[in-house]
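In: A predicted structure for the sequence below; I have some questions about it.
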Amino acid sequence: MFTTLFVKTKVALENYKNDEQGVTAIEYGLIAAAVAGVIALSFSGTNGGIAQALTDVFETIRVALGGAVTPP
């Protein structure tokens, strides 16, 4: 009886030790948070950044079209 209990306990602990699904989910969550942070920082800011660059490009296109499209 004790041998069976020992073996079952040993197998359960080995399966628990080798289960890395939770760790992988946490790693992916941290990577997603880092990517979201980088995207947020690149679009924020009053002087420069991707948002300002996109605004400048679309303003240049608007002027090139003769002001056909007025900004909101």
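Out: Thanks, I have the structure now.
In: Now the element after the strand or helix carrying residue 8, going C-ward?
Out: Assigned by DSSP states H and E, residue 8 belongs to helix 2-18. Later in the chain than helix 2-18, the nearest helix or strand by DSSP H and E is helix 21-43.
In: Distance check, the residue nearest the centre of the chain against residue 9.
Out: Nearest residue to the geometric centre of the chain (C-alpha atoms, centre = their mean): residue 32, 2.2 Å. Note on residue 32: its distance to residue 9, by C-beta to C-beta, to the nearest Å, is 37 Å. Placement of C-beta: from N, CA and C, glycine included.
In: Now the terminal residues of stretch 41-53, how far apart.
Out: End-to-end distance of stretch 41-53: 14 Å, with C-alpha to C-alpha, to the nearest Å as the criterion.
In: between the strand or helix carrying residue 52 and helix 21-43, how big is the angle?
Out: Here residue 52 sits within helix 49-64, counting by DSSP H and E. Using axes from the mean of the first three to the mean of the last three C-alpha atoms, to 10 degrees, the inter-axis angle of helix 49-64 relative to helix 21-43 is 40 degrees.
In: now residue 29: how far from residue 39?
Out: Counting by C-beta to C-beta, the gap from residue 29 to residue 39 is 16 Å.
In: scratch that, residue 66
Out: Residue 66 is 34 Å from residue 39, by C-beta to C-beta.
In: and what of residue 32?
Out: Distance from residue 32 to residue 39, by C-beta to C-beta: 11 Å.
In: In the chain, where is pLDDT below threshold?
Out: 1-2, 13, 15-22, 45-48, 67-72 (pLDDT under 70).
In: That'll do, ta.
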